[in-house]
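Asker: need a 3D model of the sequence below.
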Amino acid sequence: HDALLEIFIRVCGEQVRRRGEILLDIDSTDDPTHGQQQMSFFNGAYGQHMYHPMLVFERHTGCLLAARLRAGNASSHARIVPMLLRLVPRLQAAFPDVKIKLRGDAGFALPLLYQFCEFFGIQYAFGIPANPVFQRRAEPRQKRLKRRYRRTQLPQRGFSSFRHRARSWPRQRRICYKAEHTAVGTNLRFLVTNGAGRASEVFAFYNDRGECENRIEEFKNGFRADRLSCHRLLANAFRLLLHGCAYDLVNLFRLQLPQ
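Answerer: This is a model prediction of the structure:
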């Protein structure tokens with residue numbers, strides 16, 4: 001893990017300082033298992049026996065900064081805060097004047113993660129599941145879009161935000177939402193963020209995290225990162241890091257190519 005981070009700091013340091021931003025995309029992925037690997041369990045969300053690795057990519061460079069192998073039945077956000085606790089302070093020490101931003105899907109809707117980001121001054125945007133309170137706050141705009149659709153028969157989309165404090169939260173936080181109305185009905189999506197700007201800009205920032213899926217596909221298919229067929233979990237965790245080093249080596253060559 002230290003090697004992955006040190007390579008990024010040394011090789012990409014000038015580029016990071018010039019851009020003034022480190023953008024971290026966190027995501028988990030499935031790694032199907034087919035033998036007697038330790039900590040291989042059935043995961044109901046994926047419908048298979050598997051490992052559930054956690055990955056952290058830097059968006060602008062494509063570098064893999066961390067890869068943690070977890071048990072197959074681990075939740076999406078399991079161990080994410082300890083993982084970031086190894087990562088963020090070292091990045092801030094290496095780049096004290098660079099802003100760090102963090103994105104993740106609704107699987108990372110974890111109050112402890114919000115507090116972590118706020119403590120370290122990280123700008124974040126995470127998907128958050130809908131609930132009756134959110135839906136009630138979005139209802140006026142939703143109804144306006146529905147009426148406009150009936151009048152024009154054209155798909156409608158709107159963005160807005162509000163402040164909300166759940167019982168487990170120590171303070172209010174900003175909830176941004178996107179409301180769409182088409183022929184198939186209404187679609188609502190919610191984000192929790194500490195970022196400023198228009199709600200549409202926050203969603204554009206969040207939606208860009210889809211690029212992380214391309215990096216994960218490349219990591220698994222191009223570098224065989226899902227070949228974790230050793231029996232012991234520790235051996236497979238080390239194999240995952242070896243695949244990560246191979247990925248970063250090729251990615252660093254790619255960064256040297258003329259744009």
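Asker: pLDDT value on the residue nearest to the spatial centre of the chain, please?
Answerer: The centroid of the chain falls nearest to G104 when counting by C-alpha atoms, centre = their mean (2.5 Å). Per-residue confidence (pLDDT) for G104: 95.
Asker: from F57, how far off is it?
Answerer: 11 Å (C-beta to C-beta, to the nearest Å). (Each C-beta comes from the backbone N, C-alpha and C, glycine too.)
Asker: overlap in contacts, these two.
Answerer: 25, 27 (C-beta atoms under 8 Å, 6 or more residues apart in numbering).
Asker: show the subsequent helix or strand relative to whatever helix or strand N207 lives in.
Answerer: If you go by DSSP states H and E, N207 is part of helix 199-207. Going down the chain from helix 199-207, the next helix or strand is helix 211-217, by DSSP H and E.
Asker: who are the packing partners of that next one?
Answerer: Here helix 211-217 touches strand 21-28, strand 54-58, going by 3 or more C-beta pairs under 8 Å, 6 or more residues apart in numbering; DSSP states H and E.
Asker: which helices and strands sit right next to the very next helix or strand once past the first one?
Answerer: Right, the one you point to is strand 21-28. Next helix or strand after strand 21-28 toward the C-terminus (DSSP H and E): strand 31-32. Contacts defined by 3+ C-beta pairs under 8 Å, 6+ apart place strand 31-32 against strand 48-51.
Asker: returning to that earlier point: buried residues in the helix holding N207?
Answerer: Neighbour-count burial for helix 199-207 flags 199, 202-203, 205-206 (criterion: 16 or more other C-beta atoms under 10 Å).
Asker: now it against strand 21-28, angle please.
Answerer: Counting by axes from the mean of the first three to the mean of the last three C-alpha atoms, to 10 degrees, helix 199-207 points 60 degrees away from the direction of strand 21-28.
Asker: counting contacts, what elements does helix 199-207 pack onto?
Answerer: strand 123-127, strand 156-164, strand 173-182, strand 185-193.
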